[in-house]
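A.B. asks: Requesting a structural model of the entry that follows:
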Amino acid sequence: MKLANVQDVLERMQLKNMVGVGDNSSIESAIVSATSMVESILRTPVEYASRIDYFDNTRGRYDTYEPSTLILTQKYIILGTVEVYNTEKNGELLDDLTGLTQVDALYYYVNNEAGTVRILGDFNTSYAGLAVKYTAGFKEGSTTIPYWMKDAAIAGATYIQHTHAVTHGKKDMVNMSKPLSGIMYTSLNEYIRTSYEGTSPIRAETV
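C.D. replies: Residues are numbered from 1 along each chain as shown. Sure, this is the predicted structure:
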């Protein structure tokens, strides 16, 4: 998965129209590395995927129901793709979605960017008693990739490429991790969504 393409990086480096810029393999590699860093900073995969996350919604004998938040494996959910499923009776193990009850959308709220589902209904409880099916992320080259996310990848790839070029073959290799992180955080900082309270999946699968 790459959040940008070679031409984006060449334009940023002001090399787009220069003769002799033919081998793009190193730029491709730099973009892959920058995309991986974007995922690390944002704490989410960004590649387009359909997923099912399973959650434990058991509670103690004397606990009463309270609304809860499910933290999904992936953020940037595609609008309208979320489906929530619940076991048909208390204590029943949820292995897959076959024959299970789909929850009405009135009983949960989705935060698409943060990748969370706020459960508002008192459902049947069980280990793996809730499941969320959804699609999230971006296809490579898609126009739906946010400009700031793409810009961070371009900036990161440009820095990686430039630093590699000026230090290649030298003994005094530059440690570029700190300045690279700083450059990318400039674009990404205000979009970092950290969920401090909520339930993480006990199992997740890609479908």
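
A.B. asks: list the buried ones in stretch 198-207?
C.D. replies: Neighbour-count burial for stretch 198-207, with 16 or more other CB atoms under 10 Å as criterion, is recorded at Thr199, Pro201, Ala204. Using the backbone N, CA and C atoms, a C-beta is placed for each residue, glycine as well.

A.B. asks: what sits up against it?
C.D. replies: With contacts defined as CB atoms under 8 Å, 6 or more residues apart in numbering, stretch 198-207 is touched by 49-57, 68-73, 116, 127-128, 133.

A.B. asks: Can you show me the strands along the protein?
C.D. replies: 49-55, 68-71, 83-86, 101-102, 108-111, 116-119, 130-136, 203-206 (DSSP state E).

A.B. asks: Turn those strands into TSV, including distance to Ala153 and mean pLDDT.
C.D. replies: Putting the strands of the chain into TSV (distance: least, CB to CB, whole Å; pLDDT from 0 to 100) gives the following:
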stretch	distance to Ala153	mean pLDDT
strand 49-55	18	95
strand 68-71	25	95
strand 83-86	31	94
strand 101-102	37	90
strand 108-111	24	96
strand 116-119	24	96
strand 130-136	18	96
strand 203-206	22	93
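
A.B. asks: export these to JSON lines and tack on distance to Leu94?
C.D. replies: Converted to JSON lines, the strands of the chain look like this (distance: least, CB to CB, whole Å):
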{"stretch": "strand 49-55", "distance to Leu94": "6"}
{"stretch": "strand 68-71", "distance to Leu94": "13"}
{"stretch": "strand 83-86", "distance to Leu94": "7"}
{"stretch": "strand 101-102", "distance to Leu94": "10"}
{"stretch": "strand 108-111", "distance to Leu94": "16"}
{"stretch": "strand 116-119", "distance to Leu94": "15"}
{"stretch": "strand 130-136", "distance to Leu94": "6"}
{"stretch": "strand 203-206", "distance to Leu94": "9"}
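
A.B. asks: Which one of those strands lies nearest to Tyr147?
C.D. replies: Minimum separation from Tyr147 across the strands of the chain (CB to CB) falls at strand 130-136, 18.6 Å.

A.B. asks: By neighbour count, which bits of the worst-scoring helix or strand of the chain on mean pLDDT are buried? Give me those.
C.D. replies: One helix or strand of the chain scores below all others by mean pLDDT, DSSP states H and E: helix 177-188, with a mean of 78. Neighbour-count burial for helix 177-188, counted by 16+ other CB under 10 Å, picks out Leu180, Ile183, Met184, Ser187, Leu188.

A.B. asks: and which of these is nearest to Gly156?
C.D. replies: Nearest to Gly156 among the buried residues of helix 177-188, with distances taken as CB to CB, is Met184, at 4.9 Å.
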